[in-house]
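S.K.: Turn this into a model:
(4 chains, ligands or ions: 4)
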There are 2 protein chains.
Amino acid sequence: MGSRLQESGYRLTQPRRAVIRALTEANDWLRPEEVLALARPYWRPLGLVTVYRTVSLLTELGYLKRVHLEERCVGYVRSDLVHGHHLLCRTCHQAVEFPGTEDLAPLVNRISQDTGFRVEHHLLELVGLCPSCQ
Amino acid sequence: MGSRLQESGYRLTQPRRAVIRALTEANDWLRPEEVLALARPYWRPLGLVTVYRTVSLLTELGYLKRVHLEERCVGYVRSDLVHGHHLLCRTCHQAVEFPGTEDLAPLVNRISQDTGFRVEHHLLELVGLCPSCQ
DNA sequence: CAGTTTATTGAAAATATTTTTCACTTAGGT
DNA sequence: ACCTAAGTGAAAAATATTTTCAATAAACTG
Ligand SMILES: [Zn+2]
Ligand SMILES: [Zn+2]
Ligand SMILES: [Zn+2]
Ligand SMILES: [Zn+2]
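M.R.: Ligands and ions are numbered 1, 2, ... in the order given. Next up, the predicted model:
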């Protein structure tokens, strides 16, 4: 993730390294404040502002995705964990990518044709309770 | 929408009437501020706080749905316009419900069985450009 | 390996969004 | 008409996010 940042023309700085390291270790979605807490051990002077800037950048570059829950929409997950089709646990926050996402492509294509919309991206999010939280 | 508010045990007040009237006339998603602007002609003293309270109430009761876009998640649409499966135009803000949503039920059921999650609700949102905005 | 340039940083302030508090009002029942 | 609890709006508080700006440090140059 870091090396690709550089390939895209951005500098690989200490704060960015710390944020990326924290995100790499996390296997669920995080709020900016949580990212800060997890990344600080790797770079003490890290500020929340830089976390905001870094998660935005990583989202633009496609390495993170925003997460949408009923109450709030302030979370981010690594793209490799969610793939745009995901299952979120309402209580323990885990994000599970589910298999069989190809099922959606024909639906999207059909809708695109029927309506004339040019569909740029989509979001399929199932929210509920994971087995252990039930 | 108003009469059903009463059936649910809530009072049908002037501010609520104004908000509902505004929402009934709008055919796209609105932010709280926009709801306020559209509803004020029908009830001058209307405050933003009451708009927030009313859209939350209407969302709980199922008459509105929150809308999630890339940048912001501060919009609401009438449920009859979106049905949980919708197409949003990134520029003109129109929300179009699309047909053939039953396609999704088997997918949701299968995922539910495969993963053990109890799926409580879902969101399928396609974002792009409508024919006239392309 | 300096020296230079320019992106990036963090603190503070500004802005934006949403919720809480509370005294006052009003819908709807008696 | 009267009563009572639900509902209201202004202001303040709480949250969340962005902007500003002087200082710093990547990455490039010679
Ligand atoms: Zn959202
Ligand atoms: Zn869980
Ligand atoms: Zn459009
Ligand atoms: Zn459905």
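
S.K.: The helix or strand of chain A with the lowest mean pLDDT pairs with which strands?
M.R.: For chain A, using mean pLDDT, DSSP states H and E, the weakest element among its helices and strands is strand A:95-97, scoring a mean of 75. Take DSSP bridges as the rule and strand A:95-97 pairs in its sheet with strand A:85-89 (antiparallel).

S.K.: do the strand it pairs with and ligand 1 meet?
M.R.: No - under the criterion of CB under 5 Å from the ion, strand A:85-89 makes no contact with ligand 1; the nearest approach is 11.7 Å. Every residue, glycine included, has its C-beta placed from N, CA and C.

S.K.: could you give the mean pLDDT of the helix or strand following the least confident helix or strand of chain A?
M.R.: Using DSSP states H and E, the helix or strand that follows strand A:95-97 in sequence is helix A:104-115. For helix A:104-115, mean pLDDT rounds to 85.

S.K.: quick check, helix A:104-115 touching ligand 3?
M.R.: No - against ligand 3, helix A:104-115 shows no contacts by CB under 5 Å from the ion, the least distance being 11.2 Å.

S.K.: Tell me the first helix or strand C-terminal of that helix.
M.R.: strand A:118-129.

S.K.: So which bits of the least confident helix or strand of chain A are buried?
M.R.: A:95-96 (16 or more other CB atoms under 10 Å in any protein chain shown).

S.K.: try stretch A:41-61
M.R.: For stretch A:41-61, by 16+ other CB under 10 Å, it's A:42-43, A:46, A:50-51, A:54-55, A:57-58.

S.K.: try stretch A:98-118
M.R.: A:98, A:103-104, A:107-108, A:111-112, A:115, A:117.

S.K.: Give me the residues contacting the least confident helix or strand of chain A.
M.R.: A:28-29, A:67, A:77, A:81-83, A:85-89, A:130, B:115, B:117 (CB atoms under 8 Å, 6 or more residues apart in numbering or on different chains).

S.K.: list the buried ones in stretch A:57-76?
M.R.: The neighbour-count check on stretch A:57-76 (16+ other CB under 10 Å) flags A:57-58, A:63-69, A:74-76 as buried.

S.K.: Do that stretch and DNA strand D come into contact?
M.R.: Yes - judged by CB under 7 Å from any atom of the strand, stretch A:57-76 comes into contact with DNA strand D through A:72, A:74.

S.K.: Just give me how far that stretch sits from the chain centre.
M.R.: Centroid separation for stretch A:57-76 versus its chain: 5 Å, with CA atoms, centre = their mean, to the nearest Å.

S.K.: and it, anywhere near chain B?
M.R.: Yes - contact of stretch A:57-76 with chain B (CB under 8 Å from any CB of the partner chain) involves A:66, A:68, A:70, A:73.

S.K.: any idea how chain A splits into domains?
M.R.: For chain A, automatic domain parsing gives the domain ranges A:1-81, A:83-134.

S.K.: Which of the residues of stretch A:57-76 next to chain B fall within strands?
M.R.: A:R66 (DSSP state E).

S.K.: Could you identify the most distant pair in the residues of stretch A:57-76 next to chain B?
M.R.: Using CB to CB, the two most remote members of the residues of stretch A:57-76 next to chain B are A:R66 and A:E70, lying 14.5 Å apart.
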